[in-house]
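Model the structure of this input:
(2 chains)
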Protein chains: 2
Amino acid sequence: MNEFELVEKLSRLLPTNESVVVGIGDDCAVLDMGLPGRLQLFKTDAVVEGVHFAADAAAEKVGHKALARCLSDIAAMAGTPTAALITIGLPSRFQFARVRAIYAGMSALARRHEVAIVGGETTASPERMVISVSLLGWVEKGRCALRSGARAGDAIFVTGELGGSLSGKHLKFEPRLDEARWLARHFPLHAMIDLSDGLAGDLNHVLKASRVGAELLADAVPVSRTAKRAFQEKTSKKPPLLAALTDGEDFELLFTIAATDAVRLRESWQKKFPGLRLSCIGKITAGRGMAVRDKGRVRPLTAHGYVHFA
Amino acid sequence: MNEFELVEKLSRLLPTNESVVVGIGDDCAVLDMGLPGRLQLFKTDAVVEGVHFAADAAAEKVGHKALARCLSDIAAMAGTPTAALITIGLPSRFQFARVRAIYAGMSALARRHEVAIVGGETTASPERMVISVSLLGWVEKGRCALRSGARAGDAIFVTGELGGSLSGKHLKFEPRLDEARWLARHFPLHAMIDLSDGLAGDLNHVLKASRVGAELLADAVPVSRTAKRAFQEKTSKKPPLLAALTDGEDFELLFTIAATDAVRLRESWQKKFPGLRLSCIGKITAGRGMAVRDKGRVRPLTAHGYVHFA
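Presented below is the predicted three-dimensional model:
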């Protein structure tokens, strides 16, 4: 049983109440706590030594990543983060300097986004370090971007470049908070998600939540130079397109808007964020499932990124 | 370096912002998110297999404890919990039935207190299970009970009976949410905390935050029958009073109110909560430090419960 199956089975057990606008199944939980004009966002995310970061990874970067992953989920809702709690599980013989550097990395990122770190706890984790971040934020009512709003005919966009993140970007990426809020303020976003599992897997989450399908254009997927070089230099066996579809940990935004808004978006994006690539990678289809159009041929694509060749 | 020293050193590094009413150093963080008449409470707490529960502990009880600890912190602020996120770290060969039973234990408790479980995540924790709970709640402005408000002359009260919790109570205690809210509604509470580290340690937190001292009455400390029996039957070497002062995991409330309110409190408590013992265990003093008055002699008490005999 994988994580998604487990969560799906468990989610049927769980209690809800009248404050819940969106529970399990989106990037953040969305709550209406009675705040005029605003909804609250609530998210938790953990990184585990040996799973999400190497035991010898630079401590500041480990702290940065732990918080940045959670901030990226707030970005995926077009929200603003407010306050974080940090739970750190430490082996009994931890080095204080390393723990302090982890907090310094988190704090620097938190300051840039005006997030308060308001507590948490340290606990014993005998074998390996675990850092769990809880984040509270908010979004204006009517501007919350869910996974479930994609419509047939929508254009699908992604920010940045994809693939090869594990060779470095995953420890230093900047969550797309400003970009997401700007998008939600200027365009009717139909659906949005941040790319953590990989383009194919995360697009599939959007498609399932929205009950639609998608057709991607192979040439339009923005493959990172890192992924291309790794294949050329044979440090990776993954063809670059497959790396962009499946590597994961890109922490870019994927969103859909009406095709009629696509040209205006490209123009204003270019002016607002000239340093960050924005790519239209395909369209939402009424028929379910994912496909990739490559040199005139259309091939089915699975959530794990496997392109079936005819 | 222990947990408290680590947190104290780290807390100086951490960023804050204008939403923060109380950051690190109380049972919950307190935030003003702009909600009229209300403050928000934010808390996270983790339990680790082999540290907070045995690997063979009943799964429903493990789930119950994981959530109940966090609810107890909301109770300590006289608050109302709203929504929880659950992070569960699982070894690769976990049993689905056990995980489901953990969630069932949490869900049953959540339902009783009208708390929604709105998501979380599962993550790999190769060696042992870890459950981290994030909780969001609220408290009416002006009714939030902090650790820092105890005043010289206050009467110190505790609910329930103390000591010996690890022989069973720690897996099935009921957080004192109703009691705490009733107290805050009917009495000017000066300070409150929930007893997780043990009476001596937790009282010490209140005293440090409030910059006062305390004198306890040995005879007034409500020692549990479990702690008394364990000493009589020689399954524990701890004298019962010492067990009540230091065992920890009681999850009862300790609070202080003006001595002039003490009689009225006793009378109305008796009517409202006839099944739950309430004990006045001593008084707050202007002089710092803790002491225990026992058969006419006053002895210093440390946070670790060591009573220095003269």
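
Give me the contacts around stretch A:204-215.
A:25-26, A:146-152, A:156, A:190-191, A:193, A:197, A:203, A:254, A:256, A:282-293, A:298, A:303 (Cβ atoms under 8 Å, 6 or more residues apart in numbering or on different chains). For every residue, glycine as well, the C-beta is placed using N, CA and C.

from those residues, which are also near chain B?
Taking Cβ under 8 Å from any Cβ of the partner chain as the test, chain B is in contact with residue A:25 out of the contacts of stretch A:204-215.

The contacts of stretch A:204-215 in strands, which ones?
Using DSSP state E, the members of the contacts of stretch A:204-215 that fall in strands are A:156, A:191, A:193, A:254, A:256, A:282-285, A:289-293, A:298.

Could you count how many residues lie near whichever residue of the stretch 151-300 of chain A sits closest to chain B?
Among residues of the stretch 151-300 of chain A, the one nearest chain B by Cβ to the nearest Cβ turns out to be residue A:196. It sits 10.7 Å away. Summarising burial for residue A:196: neighbours were counted as other Cβ atoms under 10 Å in any protein chain shown, giving 21.

can you pull the contacts of it?
Listed by Cβ under 8 Å, 6+ apart, the contact partners of residue A:196 are A:69, A:72, A:202, A:248-251.

Please identify which of the ones in strands among the contacts of stretch A:204-215 is nearest to residue A:88.
Of all these, residue A:88 sits closest to residue A:193, with 27.7 Å by Cβ to Cβ.

Please report how far that closest one lies from residue A:139.
When distances are taken as Cβ to Cβ, to the nearest Å, residue A:193 and residue A:139 turn out to be 15 Å apart.

Residue A:83 too?
Residue A:83 sits at a distance of 15 Å from residue A:139 (criterion: Cβ to Cβ).

Looking at the two, which one has more neighbours?
Using other Cβ under 10 Å, the more surrounded residue of residue A:83 and residue A:139 is residue A:83, with 25 against 22.

I'd like to know which elements the host helix or strand of that one is packed against.
Secondary structure from DSSP states H and E places residue A:83 in strand A:80-90. Other helices and strands packing on strand A:80-90, by 3 or more Cβ pairs under 8 Å, 6 or more residues apart in numbering or on different chains; DSSP states H and E, are helix A:59-76, helix A:96-112, strand A:116-124, strand A:130-140, helix A:177-186, strand B:29-31, strand B:38-48, strand B:130-140.

Would you mind listing the residues in contact with the most centrally placed residue in chain A?
In chain A, the C-alpha closest to the average C-alpha coordinate belongs to residue A:194, at a distance of 2.4 Å (Cα atoms, centre = their mean). Contact criterion Cβ under 8 Å, 6+ apart gives A:27, A:72-73, A:75-76, A:175-176, A:202, A:251-254 as the residues in contact with residue A:194.

Tell me which two in these are the farthest apart.
The farthest-apart pair in the contacts of residue A:194, when distances are taken by Cβ to Cβ, is A:175 and A:202, at 15.1 Å.

Now do the contacts for the nearest residue to residue A:104 once chain neighbours are set aside.
By the measure of Cβ to Cβ, 6 or more residues apart in numbering or on different chains, the closest residue to residue A:104 outside its immediate chain neighbours is residue A:60, 5.8 Å from it. Taking Cβ under 8 Å, 6+ apart as the definition of contact, the neighbours of residue A:60 are A:101-102, A:104-105, A:108.

Narrow the residues you listed to those that are buried.
A:101-102, A:104-105 (16 or more other Cβ atoms under 10 Å in any protein chain shown).

Where is pLDDT lowest across the contacts of residue A:194?
Lowest model confidence among the contacts of residue A:194 falls on residue A:27, which carries 93.

Show the contacting residues for it.
Contacts here follow Cβ under 8 Å, 6+ apart; on that basis residue A:27 touches A:43, A:73-74, A:76-77, A:147, A:193-194.

before we move on, back to that, the helices and strands packed on strand A:80-90: which one's closest to residue A:260?
Judging those by Cβ to Cβ, what sits closest to residue A:260 is helix A:177-186, at 14.4 Å.

Wait, residue A:179 touches residue A:276, no?
Yes: the pair residue A:179 and residue A:276 qualifies as a contact (Cβ atoms under 8 Å) at a distance of 6.9 Å.

For the residue lying farthest from the centre of chain A, what are phi and psi?
Summary for chain A: using Cα atoms, centre = their mean, the residue whose C-alpha lies farthest from the chain's mean C-alpha position is residue A:93, with a distance of 33.4 Å. Comment: the main-chain dihedrals of residue A:93 come out as phi -100, psi 70, following degrees, to the nearest 10.

ok, now how distant is it from residue B:268?
The spacing between residue A:93 and residue B:268, counted by Cβ to Cβ, is 51 Å.

same deal with residue A:266?
In this structure, residue A:266 and residue B:268 are 68 Å apart, going by Cβ to Cβ.

Buried members of the contacts of stretch A:204-215 into PyMOL, please.
Here is the PyMOL command that picks out the buried ones among the contacts of stretch A:204-215, judged by 16+ other Cβ under 10 Å:
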select buried, chain A and resi 25+26+146+147+148+149+150+156+190+191+193+197+203+254+256+282+283+284+285+290+291+292+293+303
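
If you count contacts, what does the worst-scoring helix or strand of chain A on mean pLDDT end up packed against?
Among the helical and strand segments of chain A, the one scoring lowest on mean pLDDT, DSSP states H and E is helix A:3-11, with a mean of 75. Of the remaining helices and strands, those touching helix A:3-11 by 3+ Cβ pairs under 8 Å, 6+ apart are helix B:96-112, strand B:116-124.

buried residues in that helix?
Result for helix A:3-11 [16+ other Cβ under 10 Å]: buried residues A:6-7, A:10.

Next: stretch A:21-38.
Of the residues in stretch A:21-38, those with enough neighbours to count as buried (16+ other Cβ under 10 Å) are A:21-31, A:33, A:35, A:38.

so who does residue A:16 touch?
Neighbouring residues of residue A:16 by Cβ under 8 Å, 6+ apart: A:23, B:116-118.

and if you look at residue A:160?
Contacts here follow Cβ under 8 Å, 6+ apart; on that basis residue A:160 touches A:176, A:222, A:250, A:252, A:276-277.

and those residues, which are buried?
With neighbours counted using 16+ other Cβ under 10 Å, the contacts of residue A:160 contain these buried positions: A:176, A:222, A:250, A:252, A:276.

isn't the first one right up against residue A:77?
No: the criterion here is Cβ under 8 Å, and residue A:176 misses it with residue A:77 at 11.7 Å.

Count the residues that sit near residue A:295.
Burial of residue A:295 is recorded as 6 neighbouring residues (other Cβ under 10 Å).

Please name the spatially closest residue to it (chain neighbours excluded).
Sequence neighbours aside, residue A:218 is the residue nearest to residue A:295 in space, at 7.6 Å (criterion: Cβ to Cβ, 6+ apart).

Would you confirm that that neighbour contacts residue A:293?
Yes: between residue A:218 and residue A:293 there is a contact under Cβ under 8 Å: 6.5 Å.

Pipe the contacts of residue A:194 into TSV and attach distance to residue B:233 per row.
Listed next are those as TSV, based on distance: Cβ to Cβ, whole Å:
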residue	distance to residue B:233
A:27	54
A:72	55
A:73	52
A:75	59
A:76	57
A:175	57
A:176	62
A:202	59
A:251	58
A:252	63
A:253	63
A:254	63
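
Identify, from those residues, the entry nearest to residue B:230.
Residue B:230 has its nearest neighbour among the contacts of residue A:194 in residue A:73, at 46.8 Å by Cβ to Cβ.

Tell me, how many residues neighbour that closest one?
Burial of residue A:73, expressed as a neighbour count using other Cβ under 10 Å, amounts to 25.
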